[in-house]
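Undergrad: The following comprises the amino acid sequence and a computationally predicted model.
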Amino acid sequence: MNRIEIKKVLNILTYLIGFEMFIFSFKNISYPYFLISSFIFLISIYRDFIKYFRLNRVLLNIVAIIFIILIFLRVTLQDIITPALESLIVLLSIKFLEDKEKRDYLQIFLISILIFTGATIFSFEISFLVFFLIFILLINFSIIFLTYYSEDKNLKLKTNEVIKIVKKAILIPIIALPFSAILFFGLPRSPNPLFSFFGSTLTAKTGFSETVKLGTVSEIQEDDSVIFRVSTEKLNDSELYFRGITLNYYENNEWSYVRGFENTKNIEITGKLVEQTIYLEPYGGNYLFSLDKPIAIYSFLRYETEGLNFKTREIISNKVKYEAKSIISDVIYEKGIDKNFYTQLPKNLSNKFYELAKSFNGNEELEVIKNVQNYFLSGEFKYNLKNLPVSENPIEDFLFKTKEGNCEYFATSMALILRALQIPSRVVAGYKGGIYNEIGKYYIIKQSDAHLWVEAYIDNIGWIRLDPTPSSQRDFALLKSRKISKFRIFLDTINYYYNTFVINYDLEKQIALLNKIRDIRFDFKLKFNLITLFKNLNLFLIVASMLLVIFLLKGFKFERIQFEDKIIKLFYKKLKKLHIKKEKYEGLHEVMEKIKDERIKSKIKEFIINFEEYYYKDEKFDKLIYLKLKRLLNEI
Amino acid sequence: MNQKISLIIDFLLNYLQGKKKAIELSLITLLSNGHLLIEDLPGLGKTTLAIGLAKTLGLSFGRVQATSDLLPSDITGLSVFNKNTGEFEFHPGPIFNNILLVDEINRATPKTQSALLEAMAERQVTIDGKTYDLPKPFFVIATQNPYELFGTFPLPESQLDRFMMKISLGYPQKEELREILRIGSTREEIIKINPILSKEEILKIQDFIKIGIYISSKVIDYIIDIVEATKRSKFLYSGISTRGSLSLLLAAKANAFIKGRDYVIPEDVKELIEYIIPHRVLFKEEYENINKKEIIKSIIEEVPTPV
């Protein structure tokens, strides 16, 4: 049977912990520090596993201190955590470089716990859960092997013994799991990574924006990330229009929204009512999406509405959840719109454009509209995300030169042509399509599903939804870029359940509501941040102190037994030196009687009496007693 | 307190040369509320020991010489009809002393033996339907003659269990004998000595030993291991009874007290084993003639001490 040195087992485990810390903090610390510390880490692997060399401990400590000072010079109020994390990572790597004794292992574990806690402030993803479980297991194994190690440094374990210990160690977290589950669901949780209250905002994702500007970029990168998930029944593909914002004003090649032209009261929509629960990812905007045509949104979010636009007051920088009711319909009936406004056109349109517009004839408005739509769908135009016209007048370039573009070009062109024909029109920005997850019963909508379509107004009918973008071409393009596998859908299901069950959306909303009640006009933001800070700090403190308590308790008990055993061992060693053998059935006094030398005998007696005073009175052996007894032994 | 105990031991040594162990053991037995069985030839100082204990501890002393015609009432006492008062008057027997020496207990009839042993266990006697409490402390020293077996009634093992310890005084060493012969009998002197401790102090010490001496679970486990070892032993039919285990624990506590400690160490137990165990266990016939103490010693050597 192969035997493994305990030190080796311990080293492997400790390095695994270190390795996990590196992966875990990789995203959150700056490259120079990451590179330096991972370089040190690699050297220490080389030193511990391949070829040993000695390093001066004092020197290492000085280097560590210099590093920490350097890092802390960069601390700003906006960002305390990153430098702290960086210094911890550097410290950890330097710690690895040292000769490792029990104390050093414990320090490594402690630093790792700090890094882990620190890094959780940045992350609130499902991957955290995996990291967490691995971390807990590794720490557990390491501490258990460390106890063995401190008992006997030269211990060699058989492979099956190692497996046995590991099996038992797994039990500890399993037993602790129900307890932590209670804490997990009982304690307040935040849907946003704790990091956000430290002043950093998340970078906005591309895909949807409040304004649509044409002619500035020649190529659009597909963004494959999920923007929101909609828990609802399965619908027809043609019904999957998610409305974001209605854009009603076009000037300088840019669509924007002008308030005051949306009628909230005099609209009527008839059709199938669909209820949805929407989990929206932070995307840097403040519009709430829901199936076209949304009639109501239920949420703790503070939002305002005009027409069919639902807009939160603050930028959505957390995961949010809301319920929405929509009526699936192609038409919005509305009385008395401002026709002048909805037929507004930019001034720089050429005659060629007007001529094209006039070429669309029909007996009635609806027929004209359909003709326009068909013009774009006929096959002459191609859907493309590349080679977009970059010019002063991108729409005319699109219509007469390139005939290639994305939905923005199609929808804008159509809306403008309708306006030129005195048919009121506007565009709607939102998302189209989505993948239905049969397991989780929800739609996954990605950034790349962002879409722009047209609504045209006909008296007595209302606003009709029109989509001039060749959908087959668009879908094909999407498919090509997407390549969504079953595995990814499966992963997304887990993510979805994690979001719905684990992240506590409502708490955040309740706090927002609380703020609404106490709304103070000035400096709302500061107040809100204070509350989040307080809440998050609480959570952080609770978790940290729990870990600390567990750690201390474990360490304490283990020290106590350890001191007792340690002193007994030292005593036996002493006896061996004096060539005295203690039979297992002999008491200490009997052993003492074997000693001939009176001087030694009296010293031994002093030790024995002192030792028994604690040992047979079941007194706890602390460090002081240990040192006292050790001193007595040394006098012999 | 335990300085006074060592004072007593030193003092008694003046009259019982070379009997330190016996003095200690009888004090341990007395202080842990047990009874003592001395197996010895006559004339080796048993009476001196008993009287010496009684005198130094300020206790009353009674003595019974067991013979085959000794009646239970000779020990316990009896009610006698008083013609003048017309009532029965209780005349207490020698058992109503703090220390009772029963000489050659194995000469008494089983009926008398069991009456005595019952009184020892119950610490009370019932005469004519009336129950009388025995004085406190109550300590019986019984002796038996190991060689004179003719016409005796050996105590059954179950009865022997009621004695906490069985000791022997043994012959004095040459030097000690010379000293004894030089000084002559000291019996009269002993009767005159003043007590070192009072009855109340003895009772207090007994309580303290029971409550105040700490015994770690490590040592309790050690005692249990010893008991288990006697049960498993190939030399024995039966192991130590629960009463025996309890005696071991109590005696060990008293031993610790005498040694000036307020906690028990394994040696406190170990030292007493050869006096507490042998008379309580049944040896197999083939080992009957081997030194019983040696057998017990070999059994104890199987039990590791808790260090």
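TA: It's in.

Undergrad: which SS class is residue A:439?
TA: What DSSP: H, G, I helix; E, B strand; the rest coil gives for residue A:439 is coil.

Undergrad: I'd say it and residue A:493 touch.
TA: Yes. Taking Cβ atoms under 8 Å as the definition, residue A:439 is a contact partner of residue A:493 at 5.0 Å. Bear in mind the C-beta positions are built from the backbone N, C-alpha and C, glycine included.

Undergrad: out of the two, which sits in the busier spot?
TA: Using other Cβ atoms under 10 Å in any protein chain shown as the criterion, residue A:439 and residue A:493 rank with residue A:493 on top: 17 against 12.

Undergrad: gap between that one and chain B?
TA: 55 Å (Cβ to the nearest Cβ, to the nearest Å).

Undergrad: Could I get the average pLDDT for the strand or helix carrying that residue?
TA: Per DSSP states H and E, residue A:493 falls inside helix A:486-497. The pLDDT scores in helix A:486-497 average 76.

Undergrad: Same check on stretch A:577-594?
TA: 84.

Undergrad: ok, it near chain B or not?
TA: Yes. Applying Cβ under 8 Å from any Cβ of the partner chain, one finds stretch A:577-594 touching chain B at A:582, A:583, A:584, A:585, A:586, A:587, A:588, A:589, A:590.

Undergrad: So how do I select the buried members of the residues you listed in ChimeraX?
TA: This is how ChimeraX selects the buried members of those, with burial counted by 16 or more other Cβ atoms under 10 Å in any protein chain shown:
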select /A:582,586,587,588,589,590
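
Undergrad: Check the residues of stretch A:577-594 next to chain B and tell me the two furthest apart.
TA: A:584 and A:589 (15.2 Å; Cβ to Cβ).

Undergrad: so residue A:296 touches residue A:327, yeah?
TA: No. Between residue A:296 and residue A:327 there is no contact, the gap being 10.1 Å when judged by Cβ under 8 Å.

Undergrad: Kindly provide the distance from residue A:284 to chain B.
TA: Taking Cβ to the nearest Cβ, one finds residue A:284 at 66 Å from chain B.

Undergrad: which other helices and strands contact the least confident helix or strand in chain B by mean pLDDT?
TA: The weakest-scoring helix or strand in chain B, judged by mean pLDDT, DSSP states H and E, is helix B:187-192 (a mean of 76). Contacts defined by 3 or more Cβ pairs under 8 Å, 6 or more residues apart in numbering or on different chains; DSSP states H and E place helix B:187-192 against helix B:46-56.

Undergrad: what about dumping the CA coordinates of the helix it packs on to CSV?
TA: The C-alpha trace of helix B:46-56 is given here as CSV (Å, rounded to 0.1, in the frame of the first residue of the first chain):
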residue,chain,number,x,y,z
LYS,B,46,-5.1,-5.9,66.0
THR,B,47,-6.6,-4.8,69.3
THR,B,48,-3.9,-2.2,69.8
LEU,B,49,-4.7,-0.9,66.3
ALA,B,50,-8.4,-0.7,67.1
ILE,B,51,-8.1,0.9,70.5
GLY,B,52,-5.4,3.3,69.1
LEU,B,53,-7.8,4.4,66.4
ALA,B,54,-10.6,4.9,68.7
LYS,B,55,-8.6,6.9,71.2
THR,B,56,-6.8,9.2,68.7
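
Undergrad: by contact count, what packs against it?
TA: Against helix B:46-56 (3+ Cβ pairs under 8 Å, 6+ apart) you get helix B:2-13, helix B:20-31, strand B:61-65, strand B:99-103, strand B:139-144, helix B:187-192.

Undergrad: right, and these - which one's nearest residue A:404?
TA: Per Cβ to Cβ, nearest to residue A:404 of those: helix B:2-13, 108.6 Å.

Undergrad: Now do the buried residues in the closest one.
TA: B:2, B:5, B:8, B:9, B:12.

Undergrad: just to revisit the earlier point, shared neighbours of residue A:439 and residue A:493, which are they?
TA: With contacts defined as Cβ atoms under 8 Å, 6 or more residues apart in numbering or on different chains, no residue is adjacent to both residue A:439 and residue A:493.

Undergrad: neighbours of the spatially closest residue to residue A:425 that is not a sequence neighbour, just the number please.
TA: Spatial nearest neighbour of residue A:425, chain neighbours left out: residue A:418 (4.0 Å); criterion: Cβ to Cβ, 6 or more residues apart in numbering or on different chains. If you count neighbours by other Cβ under 10 Å, residue A:418 ends up with 27.

Undergrad: Can you name the residues that contact residue A:418?
TA: Contacts of residue A:418 (Cβ under 8 Å, 6+ apart): A:369, A:372, A:424, A:425, A:454, A:456.

Undergrad: and whichever strand or helix holds the second one, which residues are buried?
TA: Going back to what we said before, that points to residue A:372. Assigned by DSSP H and E, residue A:372 belongs to helix A:365-377. By 16+ other Cβ under 10 Å, the buried positions in helix A:365-377 come out as A:365, A:368, A:369, A:372, A:373, A:375, A:376, A:377.

Undergrad: Name the nearest of those residues relative to chain B.
TA: Nearest to chain B among the buried residues of helix A:365-377: residue A:377, at 89.6 Å, using Cβ to the nearest Cβ.

Undergrad: returning to what we had before: what is the mean pLDDT for the helix or strand just after the least confident helix or strand of chain B?
TA: Once the chain leaves helix B:187-192, the next helix or strand it forms, by DSSP H and E, is helix B:199-212. Helix B:199-212 carries an average pLDDT of 91.

Undergrad: average pLDDT across the helix or strand just after helix B:199-212?
TA: Sequence-wise, the next helix or strand downstream of helix B:199-212 (DSSP H and E) is helix B:217-232. Here helix B:217-232 scores 90 as its mean pLDDT.

Undergrad: could you say what helices and strands helix B:217-232 packs with?
TA: helix B:242-258, helix B:266-276, helix B:292-300.

Undergrad: centre of the chain versus the second one, how much separation?
TA: When C-alpha coordinates are averaged (Cα atoms, centre = their mean, to the nearest Å), helix B:266-276 and its chain have centres 15 Å apart.
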